[in-house]
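> can't give you the sequence, but here's the structure:
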């Protein structure tokens, strides 16, 4: 093991450049999959005939496939039917497809955890369905969805490492590039990469915990005021 | 249309990968369950230092990618200790999954009413006895659906074995692909093999979750 040699400036820069790609791909995929996942989740929740069924089928198939397979497929198989992406876009597309499906489940169970009586009450007080969703249901559901959503985002950040299969120049790929040349660098470089992943993900998970605690006290306070039934608390939301 | 001759011609290779994926997942499940329960117990016994060690393990492993754990064993440790991709991958999967199972088990144990532990202790059982006879059997029931979910993840995660010559389904897919030169069809069949395991499993987990929800 040669720590000093492994951590020379050039190598560190190369790792950081990889980490920048990791963060960039993760950030774009988080935004895209949050938007698309929310839409799919609402579609599943609102039980529109045919449309909801198609969404359920597609989401279930995607959720039950390995992400590694999806990434590989988007980059190597789709060109055979005329859909071509460059490496970075392929990684983002694949991550977005997979994580949207995961997020749609979180959104759906978050929405389901809100009592049906609230919709009925809102509708009978004259709000349209869209208004009910926007003003009454979504704000409450969003609160409950935040902790599992943040965990999913942590997952996504970790999952960017799978894009090594299509040679996306992210952190793990660059780390491998460095230690491939020198057997003494393997363990030092892998340890450094592990620490880099850990710092960012742990920070994110602290944010998740902080949010969870904050939202929990909110819930307790409002329970005191008799606004939220405790039985529904965090009902179907699982991390 | 899909070229089904790929499936029939290379069925043996598909099956070998499929069975290996199953094997890795089952071995991984058993090992990570045992390790996970141990870590969960570490986190709740009334001894601060053990709690801390358990918490560190879970926090550390949950926040790093599985792939890098696999690389650590396959490319790193294998310099000093000889191990195949299959062994390295299974160890990595076990370590990674055990952290998630530990969390599920801990949540399960803590959801059992505190009064039960107090009652068991005051009726003369030792802490270990109370844990083993009173608390764990109740906790296990609560913990089954989330562990089912982890098994589902384990099956999907086992695909990373392909990156370290682990002889799983994705690895054999690559071998088939080298013969057919058709990516799309070859990998659609791979997807189907995965779905054969994961879809029934996720239906089962859904069913168990619903049943658990009704029990309360």
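Received, thanks. Given the structure is predicted, the values throughout are model-derived calculations rather than measurements.
> now do the host helix or strand of residue B:5: everything it contacts.
Using DSSP states H and E, the element containing residue B:5 is helix B:4-9. Helix B:4-9 has contacts (CB atoms under 8 Å, 6 or more residues apart in numbering or on different chains) with B:14, B:176, B:180, B:182, B:185, B:186, B:189. C-beta: built from backbone N, CA, C; applies to glycine.
> so the fifth one makes contact with residue B:3?
Yes: proximity of residue B:185 to residue B:3 meets the contact threshold set by CB atoms under 8 Å, at 4.8 Å.
> how far does the helix or strand hosting residue A:206 sit from the chain's center?
Assigned by DSSP H and E, residue A:206 belongs to helix A:186-224. Here helix A:186-224 is found 14 Å from its chain centre; the criterion is CA atoms, centre = their mean, to the nearest Å.
> what's the answer for stretch A:83-93, then?
With CA atoms, centre = their mean, you get 18 Å for stretch A:83-93.
> so for that stretch, mean pLDDT?
In this model, stretch A:83-93 has an average pLDDT of 96.
> can it be said to contact chain B?
No: contact of stretch A:83-93 with chain B (CB under 8 Å from any CB of the partner chain) is absent, the minimum separation being 10.4 Å.
> please spell out which residues along that stretch are buried.
Within stretch A:83-93, the residues scored as buried using 16 or more other CB atoms under 10 Å in any protein chain shown are A:85, A:88, A:90, A:91, A:92, A:93.
> and the contacts of that stretch?
Here stretch A:83-93 makes contact (CB under 8 Å, 6+ apart) with A:21, A:25, A:28-29, A:32, A:71, A:74-75, A:78, A:160, A:163, A:166-168, A:170.
> any stretches of chain A with poor pLDDT?
Applying pLDDT under 70 to chain A flags residues A:216-239.
> walking through it, point out its helices one by one.
A:3-6, A:9-45, A:51-63, A:67-72, A:87-112, A:116-124, A:129-131, A:138-159, A:171-180, A:186-224 (DSSP state H).
> now do the first one: which elements does it pack against?
What that stands for is helix A:3-6. helix A:186-224 (3 or more CB pairs under 8 Å, 6 or more residues apart in numbering or on different chains; DSSP states H and E).
> which helix or strand contains residue B:167?
Using DSSP H and E, no helix or strand contains residue B:167.
> compute the distance between residue B:54 and residue B:143, please.
16 Å (CB to CB, to the nearest Å).
> whoops, I mixed them up, residue A:83
As judged by CB to CB, residue A:83 and residue B:143 stand 42 Å apart.
> what of residue A:159?
Distance of residue A:159 to residue B:143, computed by CB to CB: 25 Å.
> thought residue A:211 was touching residue A:150?
Yes: the pair residue A:211 and residue A:150 qualifies as a contact (CB under 8 Å) at a distance of 6.7 Å.
> and these two? which has more neighbours close in?
Neighbour tally, residue A:211 and residue A:150, criterion other CB atoms under 10 Å in any protein chain shown: the higher count belongs to residue A:150, 20 against 15.
> on that earlier part again, residue B:54 and residue B:143: which is more packed in?
The neighbour count for residue B:54 versus residue B:143, taken as other CB under 10 Å, is higher for residue B:143 (25 against 21).
> the more buried one and residue B:104 touch, don't they?
Yes: if you go by CB under 8 Å, residue B:143 and residue B:104 touch, sitting 5.4 Å apart.
> picking up where we left off before, closest to residue B:68 out of the buried residues of stretch A:83-93?
Nearest to residue B:68 among the buried residues of stretch A:83-93: residue A:91, at 16.8 Å, using CB to CB.
> now the closest one: closest residue in space that isn't a chain neighbour?
Using CB to CB, 6 or more residues apart in numbering or on different chains and skipping the chain neighbours, the partner closest in space to residue A:91 is residue A:163 (4.1 Å).
> one more: residue A:187?
residue B:76 (4.5 Å).
> one more: residue B:99?
Going by CB to CB, 6+ apart, residue B:99 has residue B:61 as its nearest residue, at 3.7 Å.
> again with residue B:14
The shortest distance from residue B:14 to any non-neighbouring residue, by CB to CB, 6+ apart, is to residue B:193 (6.1 Å).
> quick one: that neighbour and residue B:11 touch, right?
No: counting by CB under 8 Å, residue B:193 stays clear of residue B:11, with 10.5 Å between them.
> contacts only, for residue 212.
You didn't say which chain, so I picked chain A. Counting by CB under 8 Å, 6+ apart, residue A:212 has contacts A:146, A:147.
> the intended chain is chain B.
Counting by CB under 8 Å, 6+ apart, residue B:212 has contacts B:141, B:142, B:144, B:145.
> distance check, the third one against residue B:208.
What that stands for is residue B:144. From residue B:144 to residue B:208 the distance is 6 Å (CB to CB).
> and if you look at the last one?
Separation of residue B:145 from residue B:208 (CB to CB): 4 Å.
> neighbour-wise, which of the two wins?
With neighbours defined as other CB under 10 Å, residue B:145 and residue B:208 compare such that residue B:145 has more, 21 against 17.
> and the host helix or strand of the more buried one, does that touch chain A?
Element membership of residue B:145 [criterion: DSSP H and E] is helix B:136-157. Yes: contact of helix B:136-157 with chain A is found when judged by CB under 8 Å from any CB, involving B:146, B:149, B:152, B:156, B:157.
> pull the residues that contact that helix.
A:64-67, A:238, B:21, B:25, B:28-29, B:32-33, B:66, B:93, B:96-97, B:100-101, B:104-105, B:107-109, B:111-112, B:116, B:194, B:197-198, B:201-202, B:204-205, B:208-209, B:212.
> are any of those buried, and which?
A:64-67, B:21, B:25, B:28-29, B:32-33, B:66, B:93, B:96-97, B:100-101, B:104-105, B:108-109, B:112, B:194, B:197-198, B:201-202, B:205, B:208-209.
> of those residues, which belong to helices?
Checking those against DSSP H, those in helices are A:67, B:21, B:25, B:28-29, B:32-33, B:66, B:93, B:96-97, B:100-101, B:104-105, B:108-109, B:194, B:197-198, B:201-202, B:205, B:208-209.
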